[in-house]
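[1] Output the structure for:
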Amino acid sequence: MNINEKIIKIIREAGYFFYATTEKGKPRVRPLGYIEEIEGRLVIALSTTKAMAKQTLENPDFEICASTAEHWIRVKGTAWPVRDAATIDRVLECPVFKGRLTAETVGAFEIKVESAEYFTLAGEYSRWT
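    Residues are numbered from 1 along each chain as shown. Below you'll find the predicted structure:
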């Protein structure tokens, strides 16, 4: 299982993840649910009408955290806008976005993972990158 698959597996088990950005040097965190591997790229989607998309464009550094009752992960990296229509169309197939977002209002971002750390509540730790 590659790193993208490991990350997605835990996030899907958790049901959502927390996405942290910065605004004027201050942390901003919110829950998200969409993450997918598309053509080998890890992609998240944000509404371009929300502040988090603007924050991500201004400062592409992010952290993601997701947790289940047994384990959790912390992912650090950078996020860059995806412009290709095929990826945006695929993101818009998600039931959460259908009818709510359009190609103009969905912000698909490819995330480049710099590090991913895995923890269990029993004390197990591993770094995946």
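[2] so how far is Glu70 from the spatially most central residue of the chain?
    In the chain, the C-alpha nearest the mean C-alpha coordinate belongs to Ile44, at 4.4 Å (CA atoms, centre = their mean). Ile44 sits 24 Å away from Glu70, going by CB to CB, to the nearest Å. For the C-beta atoms, the positions are set from N, CA and C on the backbone; glycine is no exception.
[3] Also Ala79?
    For Ala79, the distance to Glu70 - CB to CB - is 27 Å.
[4] Pull out the buried residues from the longest strand seen in the chain.
    For the chain, the longest strand by residue count, based on DSSP state E, is strand 106-120. Within strand 106-120, the residues scored as buried using 16 or more other CB atoms under 10 Å are 106-111, 113, 116, 118.
[5] Name the SS class of Ile8, please.
    helix (DSSP: H, G, I helix; E, B strand; the rest coil).
[6] one step back: out of Ala79 and Glu70, which sits in the more crowded spot?
    Higher neighbour count among Ala79 and Glu70: Ala79, with 25 against 11, using other CB atoms under 10 Å.
[7] on that earlier part again, and the longest strand of the chain, how far from the chain's centre?
    Averaged C-alpha coordinates place strand 106-120 at 6 Å from its chain's average position (CA atoms, centre = their mean, to the nearest Å).
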